[in-house]
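> Need a 3D model of the sequence below.
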Amino acid sequence: MGFQVVKNPVHVGWYPVDYNNVTAQTVYVGQFVTLGVADSCSGVKPWAIAGAADTTTDHVPIGIVVGTNNRTPLFDATTYKTEYITAVQSQANQLARDFYGAEGMFGKSDPQALVQVAFLGPQTVIKGQIFNAAYGTAPTVQTVTTGSTTGAGYTANASEFTPVAYNATFYCRSGANRGLYRVSYDTSTTTKTFYVYWPHDIAVGDTFVGSNMALGTCTAMFDSTGQFIDNSAAVATTNYIYVDVLELNLETAGSEYALFRLNPLQFLGVRA
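Numbers count the residues shown, from 1 in each chain. Okay, here's the model as predicted:
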């Protein structure tokens, strides 16, 4: 599934799925969503990120979907491996729905498509999977072709991202430095350099994997539907957001993840 709230949600409640004019929105469990007048919606819809720290549309990430009111779950088994729900508009389509579970201001007899959303705040801790451009695709493993006897860096096959200096973290998968992390300061896909050296020699054939993020406040990007951290994104020149990274785990291929919170800047309705 997508993102998970692991600590300190602001509120958990039920909200309609947006039906904007003739467009029925589909939302997924584990997806970032937005809600409000500024987003021209009658319910929640995917959080659309545009521009540097989303200064183009100023969308506010309200929360993460944690459930739906479909009595029989609809499951996307091919792409996102999670439940989903699609808004309906007409009387007939609403009354034809088989639904249950809603609480709060939306009564149990309300037939519209509803989702349970964990609202977010600056203190909310989120877990996000890290994939390479597509859900389920693990970040690229780099195999060293030129090592170092000082641990200052290496050359290898290209990673999927061009790093921002000090905004990328690398983990040694095999070799004398196995299990260790270092932050790079280069902007190259192939030649990696580090101010804090690796403590052991780097040999030809050693393997590393990188994350396009670093501990603390950094730039990052999600996929277009807000369901995973996109390791291939250009977080220096196009769309990106600010996150505060608490922990990175790059140990296991296909299970890489980050624990983070959204930087408070992302919750401002108007940003410059």
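> Tell me the secondary structure of D54, please.
Here D54 is recorded as coil under DSSP: H, G, I helix; E, B strand; the rest coil.
> hmm, I was thinking of W14
Classified using three-state DSSP, W14 is strand.
> quick one: low-confidence ranges for this structure?
Judged against pLDDT under 70, the chain has no low-scoring part.
> rerun that using 90 as the cut-off
1, 20-23, 36-42, 48-59, 102-104, 107-108, 236-239, 267-272 (pLDDT under 90).
> quick one: the longest strand seen in it to chain centroid distance?
Ordering each strand of the chain by length in residues (DSSP state E) puts strand 241-249 first. Computed by CA atoms, centre = their mean, to the nearest Å, the chain-centroid distance of strand 241-249 equals 10 Å.
> in the stretch 101-250 of the chain, which spans are strands?
114-119, 125-131, 141-146, 153-156, 168-174, 181-184, 191-193, 207-211, 216-220, 229-230, 241-249 (DSSP state E, counting those that start in this stretch).
> now those in CSV, with distance to V29 and mean neighbour count?
(Glycine included, C-beta is placed from N, CA and C.) Below are those laid out as CSV (distance: least, CB to CB, whole Å; neighbours: other CB atoms under 10 Å):
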stretch, distance to V29, mean neighbour count
strand 114-119, 8, 23
strand 125-131, 14, 21
strand 141-146, 30, 16
strand 153-156, 37, 22
strand 168-174, 28, 21
strand 181-184, 31, 21
strand 191-193, 37, 18
strand 207-211, 24, 23
strand 216-220, 21, 20
strand 229-230, 17, 23
strand 241-249, 21, 17
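> could those strands go into TSV alongside distance to T78?
Output for these, formatted as TSV (distance: least, CB to CB, whole Å):
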stretch	distance to T78
strand 114-119	21
strand 125-131	15
strand 141-146	25
strand 153-156	32
strand 168-174	29
strand 181-184	33
strand 191-193	35
strand 207-211	26
strand 216-220	26
strand 229-230	19
strand 241-249	26
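> M1 is nearest to which of those?
Shortest distance between M1 and the strands of the stretch 101-250 of the chain, using CB to CB, is found for strand 125-131: 8.6 Å.
> counting contacts, what elements does the closest one pack onto?
Using 3 or more CB pairs under 8 Å, 6 or more residues apart in numbering; DSSP states H and E, the elements in contact with strand 125-131 are strand 4-7, strand 229-230, strand 257-262.
> What strands line up against it, and which way round?
Paired neighbours of strand 125-131 in the sheet (DSSP bridges): strand 4-7 (antiparallel), strand 229-230 (parallel), strand 257-262 (antiparallel).
> highest average neighbour count across those strands?
Most buried of the strands paired with strand 125-131, by mean neighbour count (mean count of other CB atoms under 10 Å): strand 229-230, with a mean of 23.
> Name the surrounding residues that touch that strand.
G128, Q129, I130, F131, N132, A133, M213, A220, M221, F222, D223, A258 (CB atoms under 8 Å, 6 or more residues apart in numbering).
> Kindly report the same for stretch 33-45.
For stretch 33-45, using CB under 8 Å, 6+ apart, the contacting residues are 15-20, 25, 27, 46-48, 58-65, 87, 115, 117, 226, 269.
> okay, how far is it across it, tip to tip?
5 Å (CA to CA, to the nearest Å).
> now stretch 4-11
Using CA to CA, the two ends of stretch 4-11 sit 14 Å apart.
> And it, how far out from the chain middle?
Distance, centroid of stretch 4-11 to centroid of chain: 15 Å (CA atoms, centre = their mean).
> With stretch 11-19 instead?
20 Å.
> List the buried residues for it?
By 16 or more other CB atoms under 10 Å, the buried positions in stretch 11-19 come out as G13, W14, Y15, P16, V17, D18, Y19.
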